[in-house]
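*Asks:* Got a predicted structure here, sequence first:
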Amino acid sequence: MSDPATALVPAATLAAITGPGVLQLVIYLAVLLAFVKPLGWYMARVLEGNPGEAPLGLGRALGWLERGIYSLGGVQADAEKRPVETGWKPYAAGILVFNALGFIAVYGLQRLQSVLPANPAGLGPVEAKSAFNTAISFATNTNWQGYGGETTMSYLTQMLGLGVQNFLSAATGIAVLAALIRGLSRKSAGTIGNCWADLTRSTLYILVPLSVILAVALVSQGVVQTFRGPARVALIVPLSYSEPVKNDAGEVIKNADGSDQIRTVEVTEQSIPLGPAASQIAIKQLGTNGGGFFNVNSAHPLENPTALSNFLQVLAILLIPAALCWTFGEMVCDRRQGWAVLAAMLVIFVPLLAATYALEARGNPTVAALGVDTTANLGELGGNMEGKEARLGVANAALWATATTAASNGSVNAMHDSFTPLGGLIPMWLMQLGEVVFGGVGSGLYGMLMFVIVAVFVAGLMVGRAPEYLGKKIEPFEMKMAMVCVLVPCALVLVGTAVAVLTPDAYTTSNPGPHGFSQILYAFSSAGNNNGSAFAGLTANTPFYNIALGLAMWFSRFWIIVPVLAVAGSLAAKRVSATTSGTLPTHTPVFVLMLVAVVVIVGALTFVPALALGPVVEHLQLVGK
Amino acid sequence: MLTRPTILRPALALFVLLSIITGVVYPLVITVIAQVAFADKANGSIITDAAGERDGKPVGSSLIGQEFGTSDATAAPALAKWFWGRPSATGPVPYTALNLDKGTGSSGSNLAPTNPALLDNIKARLAALDAADASVGIVRVAPGSTSRSTPVPIELVTSSASGLDPHISPAAAEYQVSRIAKARGLSEASVRDLVHQHTQGRALGVLGEPVVSVLRLNQALCNVPR
C-alpha cells in the first residue's frame, strides 16, 4: 500500500524526471522553432505564387505537372495564364466535391481490394460499416483506426486509398487556410483564391517534397518499404497455445463428458508483416493524419524502429502547423501577427507537455508497491512503462502523446489507454480544446483564427470599442460563424458521449470503472475534433461506433470548413479601417494571453464536468488506495 | 457563372492525377530508392543465421522481439537460461507480429492503471521471475516476506505498446545476469560482457534510452561454447 500523501508530493514527481528526458524535450522544441521561419517563408511563396513558380527550383522541376493538371482539369485561366480566382461559395463547393470523391474512392477500394492487385497477403473485402468509417476517417484528416492495418488493408488500399487521402486531406486544410488568410489580407475584394490551384500547389510543392525527404530518412532507420508479402522466420524458443477444437460451422466440439475438446497448437515460426510503410508514414506524420500502417501505429518497431526515427516523426507532426503561423504573418504582411498566434499555441503546449512527462515519469503507485522499480536512474527506464516501448522511453512517449493530440495527428508511439489517469487526461483535453494548439495542417490555424475572432470580440466588449482584426471589422456574421466553429466540436463530443453511454451495446469498454467512461469520452473527443488517436481498448469496430464516430468526424470537419470559408469571403469584401490610437493591437503579449484565456476557458467550461467523471475520479482511486 | 461542369471536371481530373502522383508514383519512387540504398532495412532487417545450426535460414528480424520468458511460474524454470524481454499482449501467443488466420498482430494490453487485471498480470510475471531465479538457487524474496532485495525493473513486468518490443534496459539485463550465468554454467563476467556487446546507447548521444536487444543477446548465448 502506498501512502496517498507521498504519491501527491511534488518532490517525488520531480525526482522521476531525468536530465536526458528533459534535454530531449528541449531539443525537440528548439529544432521545431528553428524550422518555423524557413518553412513558413517557403509555404508563403508557394501559396502566393503563379503556376510553375516555387522556390528552390521546385517550380522549374514540377511546373509542367502543375500546368498539365490545370489544363486536363479545364481550370479556367486569365490573360496571364493564372487560374481564375473565385468567391467563397464556388471555393467551398469545389473543396466539398473534391473531398466527396476521396470518400467514394477509399470506400470502393476497401470493398473491392480482394479482386484488385497488390494484395500479397490475400485479404478479403473490408466490412461495409467499417469501410464507411475508415473512408470518412481518412477523407476528413482524422485517421481514426477502427481496424488493424496489417490484418485488414491490402497494399493497394493503403497506398491508393489511405495514402492518397493523407496527402489530399492535408492539402485541403492548407487550401482552406490560404483562403482565410487572403480574406484577412485583401481589401474590398470579391475573391479568395482558386481552390484547384491551392490544392495542387500545396500537394506538389509542400507535401510531396517533404514526404520524399522524410520517407527516405525513415527507411534508413529500418522502416520497411517493399511490395513483398510477409517474411517467415524461425523462432529460437518454440511456443504453443491451447484452443478449443471447432467444426466447420464454428461450434466447439465437445468431449464425451461434455467438456470442450482442446488441442495444442505448436508455433515454431514468426510472420513478419512488411509493405510500403515508409512512404505512407512520412505523409501520415507531415499531413497530421496519423493513420498507421500497422495496428499499433508508430509504436510498431517496423513503423518507428529507433529513437532517431521517433524524433523525425514527432517533429513532422508539428512541423507544418507551426510553420504555417509564419506563413500567415508573411501573407498578411505583419509577421508579428504570426508570432503572436504561435506564442499563444506554445503557452498552452509547453506546460501541458511538461505535466504529461512528469505524470508518466512518476508512474503507477500501486505497481511500485509490488516491489517494482518505477524510478528512473542510470540505465533504468522507470515510470509508467505499461504500453510503452523501451527504446523510446517515458519522455518520448509523453512528448508524442502531447504533440499528437495538440496537432490533430492522432498517431501514437505508446498506448494512451494505459497512461496514468491524469497523464491521459491531458491528451484528451488537448483534443477537446478544438485542435487549435498547432492543430491539423491548415485546420489548426484556421481554427485558432476563429478563436482570435472570438478573443477580439470579447476584448472589444471589455474596452467598449467595435472589434477589429487586422483592420477588418468583426461583425455579427463573423461572430456567428466563429461560434459555429467553436461549438460544433464541443457538441459532437458531449452529445456523442452521452448517447454512447446510454446505448447498452456501446458500453463495451475493456476497462472497468471510471476508465471505461474515459475510453468513450476519448473516442468522441478524438472523432469530434478530427484527431484519430484512441484509448485503444475500446472495442470501436462495431456498427454503433463505426457509424456514430463516422458522422462525428464528417460534421466536425465540414461544418467548420464551410463557416471558415464564409468568414473568408465576408472579410475579403470589407474595407480596411485605419489604425488609430484606440485600435486594439493583436500582436502584444496582452493579446496573446487574452487568446490563451479564451481557448482555455471555453475548453475548461465545456469539458471539466465530463473529465471529472472519468480521469479525475480514476486518479483519486489510484492515489487513494 | 457557377455551373456543375466547372466543379466536377476539375475535381475529377485533380483527384485522378493527384492520386496517381501521390498514390502510385510517390510510393514506387520511395520503394526504388529504399531497395537500392537500404535493401536490408527496407525488407524488415531480417537476420540470417550464417554460422549457427540453421545455416542461412532467417532466424528473426533485428527489430522484432521474440518470446523467451513467461508469466507462468511452472513453466519458468525451463526458461531460466534465457534473457527475458518485455511481456507481450499479442495473441494467440506472445510476440505474434502477424497471424492472418486469427486476424491478429501487433497489440498493447490497453489495460488502465486502475484495472485489477494489470496488477494480476504483474504479480504473475513477478512470481514467474522468482520461480526462474529459485530454480538456479537465487532467492530475492525472503520466505514469509513481501519485500524484495532488488526491485524488479519495470519493463520486465509491463507489456510493451506493440507487443513486439525487442529491447529491455541495461538494468533489466543486469537483473538477469546472475540467473543466466548459473543456469548455463558460465561466469557472470562473461555473461555481462555479452550484455555490454549488445547494448546500444542513446541515438546521437541524447535521443531515446539505452537498450539491450534481447533477441541478439540470446542468439549470442546460443553460440557461446560451454
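*Replies:* Good, I have the coordinates. Just so it is clear, the model here is predicted, and its values are computed rather than measured.
*Asks:* Provide a list of residues in contact with B:V195.
*Replies:* B:170, B:173-174, B:177, B:212, B:217 (Cβ atoms under 8 Å, 6 or more residues apart in numbering or on different chains). In short, each C-beta sits where N, CA and C put it, glycine included.
*Asks:* ok, which pair from those residues is furthest apart?
*Replies:* B:E174 and B:L217 (12.0 Å; Cβ to Cβ).
*Asks:* neighbour count winner among those two?
*Replies:* Neighbours per residue (other Cβ atoms under 10 Å in any protein chain shown) separate B:E174 from B:L217, with B:L217 holding more: 23 against 19.
*Asks:* What segments of the stretch 151-300 of chain A are strands?
*Replies:* Ranges of strands in the stretch 151-300 of chain A, per DSSP state E, counting those that start in this stretch, are A:231-244, A:262-272.
*Asks:* helices or strands up against the lengthiest helix in chain B?
*Replies:* Using DSSP state H to define each element, chain B has its longest helix at helix B:116-135. Using 3 or more Cβ pairs under 8 Å, 6 or more residues apart in numbering or on different chains; DSSP states H and E, the elements in contact with helix B:116-135 are helix A:365-368, helix B:170-184.
*Asks:* what residues are up against residue 209?
*Replies:* I'll assume chain A. Each residue near A:P209 by Cβ under 8 Å, 6+ apart is listed here: A:L58.
*Asks:* other chain: chain B
*Replies:* For B:E209, the contact set (Cβ under 8 Å, 6+ apart) comprises A:307, A:381, A:390-393, B:169, B:202.
*Asks:* Which helix or which strand is home to it?
*Replies:* Per DSSP states H and E, B:E209 falls between elements, in no helix or strand.
*Asks:* Just the pLDDT for it.
*Replies:* Note on B:E209: pLDDT of 92.
*Asks:* ok, now how distant is it from A:Q165?
*Replies:* 34 Å (Cβ to Cβ, to the nearest Å).
*Asks:* ok, A:I348 touching A:A597?
*Replies:* No: using Cβ atoms under 8 Å as the test, A:I348 is too far from A:A597 to be in contact (10.4 Å).
*Asks:* which of those two has more neighbours?
*Replies:* Each of A:I348 and A:A597 has its neighbours counted (other Cβ under 10 Å); A:I348 has more, 20 against 13.
*Asks:* Setting the sequence-adjacent residues aside, check what's closest to that one.
*Replies:* Distances taken as Cβ to Cβ, 6 or more residues apart in numbering or on different chains place A:V437 nearest to A:I348, at 4.8 Å, with adjacent residues excluded.
*Asks:* Bridged to B:S61, which residues?
*Replies:* Beta bridges link B:S61 to B:I46, judged by DSSP bridges.
*Asks:* would you list the helices and strands packed on helix B:116-135 in TSV and tack on distance to B:T74 and mean pLDDT?
*Replies:* Output for the helices and strands packed on helix B:116-135, formatted as TSV (distance: least, Cβ to Cβ, whole Å; pLDDT from 0 to 100):
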stretch	distance to B:T74	mean pLDDT
helix A:365-368	24	89
helix B:170-184	17	95
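*Asks:* Rebuild those helices as JSON lines, extending it with distance to A:R186.
*Replies:* Shown next, in JSON lines, are the helices and strands packed on helix B:116-135 (distance: least, Cβ to Cβ, whole Å):
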{"stretch": "helix A:365-368", "distance to A:R186": "57"}
{"stretch": "helix B:170-184", "distance to A:R186": "60"}
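*Asks:* Quick one, which of these gets closest to A:A121.
*Replies:* A:A121 lies closest to helix B:170-184 among those, at 34.3 Å (Cβ to Cβ).
*Asks:* what about that closest one, near chain A?
*Replies:* Yes: Helix B:170-184 lies within reach of chain A by Cβ under 8 Å from any Cβ of the partner chain, at B:170-172, B:174.
*Asks:* Which one of those residues sits in the busiest neighbourhood?
*Replies:* Top of those by neighbour number is B:A172, holding 27 neighbours under the definition other Cβ under 10 Å.
*Asks:* who's in contact with it?
*Replies:* So B:A172 contacts A:380-381, B:153, B:155-156, B:212 (Cβ under 8 Å, 6+ apart).
*Asks:* Not counting its neighbours along the chain, what's nearest it?
*Replies:* B:P153 (3.9 Å).
*Asks:* so where's chain B uncertain?
*Replies:* Applying pLDDT under 70 to chain B picks out residues B:1-5, B:50-55, B:226.
*Asks:* For the residue in it positioned nearest to chain A, grab the count of nearby residues.
*Replies:* Across chain B, no residue is closer to chain A than B:G208, which sits at 2.4 Å (Cβ to the nearest Cβ). Residues near B:G208, counting by other Cβ under 10 Å, number 26.
*Asks:* ok, now the one 5 residues further on?
*Replies:* Applying other Cβ under 10 Å, we find 23 other residues in the vicinity of B:S213.
*Asks:* I'd say it and B:H198 touch.
*Replies:* Yes: B:S213 is within contact range of B:H198, at 5.3 Å (criterion: Cβ under 8 Å).
*Asks:* before we move on, could you check phi and psi at the residue lying closest to B:G91 once chain neighbours are set aside?
*Replies:* Ranked by Cβ to Cβ, 6+ apart and with sequence neighbours excluded, the top spatial neighbour of B:G91 is B:T104, at 5.0 Å. Note on B:T104: backbone dihedrals following degrees, to the nearest 10 are phi -120, psi 160.
*Asks:* Dig out what B:T104 forms beta bridges with.
*Replies:* Beta-bridge partners of B:T104, as defined by DSSP bridges: B:N99.
*Asks:* For the stretch 301-450 of chain A, which segments are assigned as strands?
*Replies:* Assigned by DSSP E, counting those that start in this stretch, the strands in the stretch 301-450 of chain A fall at A:372-373.
*Asks:* got a list of what the residue in it that chain B sits nearest to touches?
*Replies:* Closest contact between the stretch 301-450 of chain A and chain B, by Cβ to the nearest Cβ, is at A:A307 (2.4 Å). For A:A307, the contacting residues are A:391-392, A:396, B:202-203, B:207-209, by Cβ under 8 Å, 6+ apart.
*Asks:* Can you pick out the ones from these that are in helices?
*Replies:* Counting by DSSP H, the contacts of A:A307 place A:N396 in helices.
*Asks:* is it possible to export the contacts of A:A307 to TSV including distance to A:T356?
*Replies:* Shown next, in TSV, are the contacts of A:A307 (distance: Cβ to Cβ, whole Å):
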residue	distance to A:T356
A:R391	19
A:L392	14
A:N396	11
B:R202	21
B:A203	22
B:L207	18
B:G208	18
B:E209	17
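*Asks:* Can you tell me which of the contacts of A:A307 is closest to A:F477?
*Replies:* The closest of the contacts of A:A307, once distances to A:F477 are taken by Cβ to Cβ, is A:N396, at 45.1 Å.
*Asks:* Is it correct that A:R201 is in contact with A:E48?
*Replies:* No: using Cβ under 8 Å, A:R201 is not in contact with A:E48, being 9.8 Å away.
*Asks:* Compare those two (neighbour count), which wins?
*Replies:* Neighbours per residue, other Cβ under 10 Å: of A:R201 and A:E48, the larger number sits with A:R201, 29 against 16.
*Asks:* residues touching that one, list them.
*Replies:* A:46-47, A:49, A:54, A:66.
*Asks:* a markdown table please, covering those and showing distance to chain B and secondary structure.
*Replies:* Converted to a markdown table, the contacts of A:R201 look like this (distance: Cβ to the nearest Cβ, whole Å; DSSP: H, G, I helix; E, B strand; the rest coil):
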| residue | distance to chain B | secondary structure |
| --- | --- | --- |
| A:V46 | 15 | helix |
| A:L47 | 17 | helix |
| A:G49 | 18 | coil |
| A:A54 | 15 | coil |
| A:E66 | 10 | helix |
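*Asks:* Alright, calling it a day.
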